[in-house]
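A.B. asks: Predicted model, plus sequence, below.
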Amino acid sequence: MAEPGTPARPDPAATLAILLNCVIDGAQHRPDADTTAAILDEAARFAARHIAPVATLLDRPGCRLESGRVRTAPGHRDAWRAFAEAGWAGLTVAEAAGGGGLPMALAAAVQELCDAASPAFGMLAINARCASRLLAQHGDPAIRDAWLPQLAAGRWTATICISEPQAGSDVGRIRTRAEQDAGGTWRLYGEKCWISFADHDLADRIGHFVLARPRGAEGGTRGLSLFLVPDSTEDGSRNGVSILRLEEKLGLHGSPTCSLLFEGAEATPIGPAGRGLPTLFAMIVAMRLGVAAQGAAVAQAAADLAELYAAERTQGGPAGAPPVPITNHAEIRRLLLSMRARAEAVRLISLQAAAWVDAGDAGDAAAAARAALLLPLAKTLSAEAATRNADAAIQVLGGAGYVREWPAERMWRDARVFAIYEGTTAIQGLDLLLRRVPAEGGATLRDLLHHFAPSAELAGTVLDTAEALLAASPRAREAAAVPFLHLLGLACADGLLRRAGQQAGPLAPRYAALADFHAAEAAERAAFLAARCRRDDLDAGFAAAFPELAAPAASPAPTGA
């Protein structure tokens, strides 16, 4: 309990409301300030009342496979029903279809509050929100009318099915095939893996959005089409979809991850034939925004935990005097400052990416281009911030952080996959550097830096490095992709923290202090990353260290639409 006169800790819901209303671009696409604040306050209360109490149960004992079906943890079904009945499952679905009609930026803020309690619980809500966006953009009227109200009500849920045992990021090697039978019905045959919430007992029906190759279609990504495959038919019988395996995972134990087998499953095409991957990107964009919000949530939760523990834990100080709070120690202060700066930076980046997606959906082409460039950073940096902050929280808590009595170790286990699913760090870096940065002759990159207004030194380092890389060899650009992503991330964080330090109302002094702390090391870190981007000795060093592994290298193109 805080001593009298101690400043109150910032309330997460109130902080998010201030950021959305005062700092993040695109306020015209969101409700007014009072409505935004009320929604976020209620989301925080719901998470504390319904999600936090089941977080440990979702982690232990987690899910189990019984007679070919997944059974979720005790309490999960009741929590999901409460979530759906309160309207959170359909937050972004159009009001005409029974949803809330709210923008992605506000949904991302709500997700952060819920996922801070349990990202495993929130996985199902991400799937539904992303499927709703896909159907709203590409579903025919009959499909939209059938599925959107059910998704909004939480009675039906959805998955995204891309990966196969031999085709993960290399989507062009997908083998799942689609065939039309004599009656004209499409049927799918093949195996998909790493499918989140592929099966469960929380809803009445699950719709699988599956990439498959119709018979006779060309190879590569251009031959793929997208299909919606319900797990059950209209009469409730199984639709040729079975569970091959429930994965035993490091974390996210409450979110069942399965391999699926499609054996003649009835399917409905979504979008044009041969344009499955571009069509699916309506869902993938939203999924990557969802991962960004997950990462921001865990980064915030880990920072909160470390700060609360450090304020109460006493160790050290002058002999003969009472021990002092560990917040008095220099290294603890460094850890807490680093964690909070990281958490707030990725929160701002993720919210801004979502806001520009909203603006792009409303017809703003320039905002859509900025969103496409920012999204690889939002997804990657948030994922990394979650893992790094969870690790730092374990360090601050010491032995308490390593035991299950405290949630720090669960945060680390849950967060580690964020940098892997929905496009690994390397895939995000390649997409950014090879596709997004060169777009429009680099105009979008300059536009993004103009909007964020980082220090002139950071902006200049980013632009000079980008120009040098555009003239470099394909192999050199590939090797520079991840360092460049982190370089641009430093500039984005610098600009947004500075902006919050000027515009975040009563929170502005706090953000200004975090901006100064971030800036103190950003220039030095940027110089290091810029130099790494220009190094050309990677392959030579690898060949010298691992001659038995050094086959000729080929530069892959990033997966994308």
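C.D. replies: Looks like it came in fine.
A.B. asks: Helices of the stretch 451-561 of the chain, residue ranges please.
C.D. replies: Using DSSP state H, counting those that start in this stretch, the helices found in the stretch 451-561 of the chain span residues 456-470, 474-503, 508-534, 538-545.
A.B. asks: Next, the buried residues of the longest helix belonging to the chain.
C.D. replies: If you go by DSSP state H, the chain has its longest helix at helix 276-312. Buried residues in helix 276-312, counted by 16 or more other CB atoms under 10 Å: 276-307, 309-311. (Glycine included, C-beta is placed from N, CA and C.)
A.B. asks: Also stretch 36-47?
C.D. replies: So for stretch 36-47, counting by 16+ other CB under 10 Å, buried means Thr36, Ala37, Ile39, Leu40, Asp41, Glu42, Ala43, Ala44, Phe46, Ala47.
A.B. asks: what does it rub up against?
C.D. replies: 11-14, 16-17, 20-21, 30-31, 82-83, 86, 88, 102, 106, 109-110, 113-114, 116-117 (CB atoms under 8 Å, 6 or more residues apart in numbering).
A.B. asks: rerun at 7 Å
C.D. replies: Contacts to stretch 36-47, defined as CB atoms under 7 Å, 6 or more residues apart in numbering, come from residues 12-14, 16-17, 20-21, 30, 86, 106, 109-110, 113-114, 116-117.
A.B. asks: Low-confidence ranges, the stretch 51-200 of the chain, go.
C.D. replies: In the predicted model of the stretch 51-200 of the chain, no residue satisfies pLDDT under 70.
A.B. asks: In this structure, where is pLDDT below threshold?
C.D. replies: Using pLDDT under 70, the chain drops low at 1-7, 553-561.
A.B. asks: Tell me which residue lies farthest from the centre of it.
C.D. replies: Most distant from the centre of the chain: Gly320, at 49.6 Å, with distances by CA atoms, centre = their mean.
A.B. asks: to the chain's geometric centre, what's the distance from the longest helix of the chain?
C.D. replies: Its chain's C-alpha centre and that of helix 276-312 lie 5 Å apart, by CA atoms, centre = their mean, to the nearest Å.
A.B. asks: What of stretch 244-254?
C.D. replies: 19 Å.
A.B. asks: and it, how far apart are its ends?
C.D. replies: 18 Å (CA to CA, to the nearest Å).
A.B. asks: Same question for stretch 164-177.
C.D. replies: End residues of stretch 164-177 are separated by 12 Å (CA to CA).
A.B. asks: list the buried ones in that stretch?
C.D. replies: Neighbour counts over stretch 164-177 (16+ other CB under 10 Å) mark Glu164, Ala167, Gly168, Val171, Ile174, Thr176 as buried.
A.B. asks: quick one, helices of the stretch 251-400 of the chain?
C.D. replies: Under DSSP H, counting those that start in this stretch, the stretch 251-400 of the chain gives helices at 276-312, 330-361, 365-397, 399-402.
A.B. asks: swap in the stretch 101-250 of the chain?
C.D. replies: Going by DSSP H, counting those that start in this stretch, the stretch 101-250 of the chain shows helices at 104-115, 119-138, 141-153.
A.B. asks: which one of these lies closest to Glu457?
C.D. replies: Of all the helices of the stretch 101-250 of the chain, helix 104-115 sits nearest to Glu457, with 29.8 Å by CB to CB.
A.B. asks: what angle do that closest one and helix 365-397 make?
C.D. replies: On the basis of axes from the mean of the first three to the mean of the last three CA atoms, to 10 degrees, helix 104-115 is oriented at 20 degrees to helix 365-397.
A.B. asks: So which bits of helix 104-115 are buried?
C.D. replies: So helix 104-115, judged by 16+ other CB under 10 Å, has buried residues Met104, Ala105, Leu106, Ala107, Ala108, Ala109, Val110, Gln111, Glu112, Leu113, Cys114, Asp115.
A.B. asks: so who does Ala355 touch?
C.D. replies: Ile24, Asp25, Gly26, His29, Ala105.
A.B. asks: Distance of the one residue sitting closest to the centre of the chain relative to Ala519?
C.D. replies: The C-alpha lying nearest the average C-alpha coordinate of the chain belongs to Val291 (CA atoms, centre = their mean; 1.0 Å). Using CB to CB, to the nearest Å, we find Val291 at a distance of 27 Å from Ala519.
A.B. asks: same question, His451
C.D. replies: Taking CB to CB, one finds His451 at 18 Å from Ala519.
A.B. asks: what about the strands in the stretch 101-250 of the chain?
C.D. replies: 156-161, 177-180, 186-196, 205-214, 225-230, 241-246 (DSSP state E, counting those that start in this stretch).
A.B. asks: For Trp412, find the nearest of the ones you listed.
C.D. replies: strand 186-196 (19.2 Å).
A.B. asks: can you list contacts of that closest one?
C.D. replies: Counting by CB under 7 Å, 6+ apart, 123, 127, 159, 161, 163-165, 175-181, 210, 212, 227, 229, 244, 255, 257-269, 421 sit against strand 186-196.
A.B. asks: Kindly report the same for stretch 454-464.
C.D. replies: Leu449, Leu487, Leu488, Leu490, Ala491, Asp494, Gly495, Ala519, Ala522, Ala523, Ala526, Ala530.
A.B. asks: Please tell me I have it right and the third one contacts Thr380.
C.D. replies: No - counting by CB atoms under 7 Å, Leu488 sits too far from Thr380 to count as a contact (10.5 Å).
A.B. asks: ok, back up a step: from the buried residues of stretch 36-47, which ones fall inside helices?
C.D. replies: Thr36, Ala37, Ile39, Leu40, Asp41, Glu42, Ala43, Ala44, Phe46.
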